[in-house]
Structures are given as C-alpha cells and as structure tokens.
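K.L.:
Fold the following and give me the result.
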Amino acid sequence: MKSTPMVVHAGFEREAERTSFAVADGDLLEWDQPQRFVAAWELHRAGDRIARLARARWWGTRHVVDTPQGQWWVHEGWLGRAEIHRDGEPAAAARYQAGWLFNGRVWLADGVTLRWRRIAWGAFWHGAWELRTEEEFALLRFRLRRSFLRVGGTIEIVEGAAGRPHLDAALLLGWYLALTTTRRHAHH
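P.N.:
Take a look at the predicted model:
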C-alpha cells in the first residue's frame with residue numbers, strides 16, 4: 001500500500017492533495033470571525049475548519065487563504081478588481097470585476113464567466129449574494145451576518161454545483177467578496 005505524505009499547514013493535518021476541498025451539493029458552510037478587531041475568518045463544514053482567510057498585513061490589500069491543500073492569495077486591485085492565485089502559481093485561478101449595485105463578474109481560469117449578484121438588500125447587517133452561471137443558474141449562495149464587531153455568514157453549495165472545475169477558486173473568491181463587497185463598492 002502506497003502511503004500519502006502527511007502535511008501540517010496552518011493548523012490542518014490531512015493527506016496532501018492538490019484537488020479542491022470536498023464539498024457536496026446542498027452543503028452549508030459557515031464562517032465566523034473568532035476574535036474582534038482581528039481581520040481573520042474561519043470557514044467550517046460540519047464543525048471542521050476547512051479554510052482560514054486573513055489579511056496578510058494590517059496595511060495592505062492582500063489576503064491569504066489557508067486550506068488543507070495549501071495557500072491561496074487574494075490581490076485587490078483598482079476599480080473593484082480582485083483575483084485569487086494558488087501559492088506559487090503565476091496565473092490567477094479566478095478574477096473579479098465589480099459592476100453596478102454590488103454586482104460584478106468572475107472569470108475562472110478555464111474561461112467560464114460567472115455573475116456575482118446581490119440577492120438580498122439586508123442593509124448593512126445581512127446582505128446576500130450568489131455566484132451564477134451566464135444562464136443565471138445559481139452555483140453558490142453567500143449570506144452575510146454581522147454582530148457586534150464581528151462578521152460571519154454561510155455559503156450554500158447549490159444543487160448541481162459540486163464537482164464543477166475551479167469550484168474551490170470560485171468559492172474562496174466569493175467568500176472574500178462577501179466579506180468585502182460593501183466596503184469596496186463604497187469607494188466607487
């Protein structure tokens with residue numbers, strides 16, 4: 001029996017692999033901010049932490065996402081742009097361009113275009129967005145939940161989304177966008 005090397009990365013201890021973390025249609029992932037005043041959030045599935053998003057430096061616009069498979073970097077650009085890269089890979093796995101009214105577009109590495117749509121106008125406290133195909137079928141649903149000096153929420157894997165290429169990049173970039181969309185659009 002061939003053994004797979006074990007890696008310890010950012011508090012994760014799992015078998016090494018370069019595929020997306022396992023999600024299934026209908027999964028409901030939850031994220032929370034463990035500490036007030038700290039720009040770091042954790043993503044959980046069934047109670048297990050599957051990712052951690054944190055600002056790389058307190059003064060910068062780069063964020064790092066730690067997963068059991070390695071690190072991803074989110075770079076924020078001018079005029080509402082953002083992109084996510086796997087650590088060590090020069091090409092972006094997904095890119096985002098802001099549009100009007102908290103909407104925008106996401107381009108995946110394989111050329112697929114997704115729409116970032118606001119689906120609930122819960123004011124400052126409870127917004128909701130979807131990543132949809134060009135045909136307007138929802139893939140991922142992001143719900144924001146704010147409490148006193150903390151931000152959390154959920155990500156729903158919509159029926160038919162699991163197993164799609166680059167779902168991990170779309171999910172992680174969407175998570176970042178849900179956390180930062182209201183702040184970034186305030187500058188337009």
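K.L.:
Low-confidence bits of this protein, can you list those?
P.N.:
Residues of the chain meeting the criterion pLDDT under 70: 1-21, 58-60, 121-125, 182-188.
K.L.:
Burial check on Gln71, number of neighbours?
P.N.:
Applying other Cβ atoms under 10 Å, we find 15 residues neighbouring Gln71. Where you see a C-beta, it was placed from the backbone N, CA and C, and this is true even at glycine.
K.L.:
Please read the previous query as pertaining to Ser147.
P.N.:
Per other Cβ under 10 Å, the neighbour tally for Ser147 reads 11.
K.L.:
Make sure I have this right: Leu139 is in a strand.
P.N.:
Yes. According to DSSP: H, G, I helix; E, B strand; the rest coil, Leu139 belongs to a strand.
K.L.:
correct me, but it touches Trp116?
P.N.:
No. At 11.0 Å, Leu139 and Trp116 do not qualify as touching, with contact defined as Cβ atoms under 8 Å.
K.L.:
Which one's more surrounded, those two?
P.N.:
Taking other Cβ under 10 Å, Leu139 and Trp116 do not tie; Trp116 has more neighbours (25 against 22).
K.L.:
now the more buried one, what's its secondary structure?
P.N.:
Applying three-state DSSP: Trp116 is strand.
K.L.:
which residues does the residue nearest to it when sequence neighbours are not counted contact?
P.N.:
Take Trp116 and drop its neighbours on the chain: the residue closest to it by Cβ to Cβ, 6 or more residues apart in numbering is Gly104, 4.3 Å away. Residues in contact with Gly104 (Cβ atoms under 8 Å, 6 or more residues apart in numbering) are 80, 96-98, 115-116, 177.
K.L.:
if you set the cut-off to 10 Å instead, what comes out?
P.N.:
Neighbour list for Gly104: 80-82, 96-98, 114-118, 129, 177, 181, 184-185 [criterion: Cβ atoms under 10 Å, 6 or more residues apart in numbering].
K.L.:
For Tyr176, see how far away it is.
P.N.:
From Gly104 across to Tyr176, the span is 12 Å (Cβ to Cβ, to the nearest Å).
K.L.:
Next, show the common contact partners of these two.
P.N.:
Listed contacts common to Gly104 and Tyr176 are 82, 96; contacts here mean Cβ under 10 Å, 6+ apart.
K.L.:
Narrow the contacts of Gly104 to those that are buried.
P.N.:
Among the contacts of Gly104, those classed as buried by 16 or more other Cβ atoms under 10 Å are 80, 82, 96, 98, 114-118, 129, 177, 181, 184-185.
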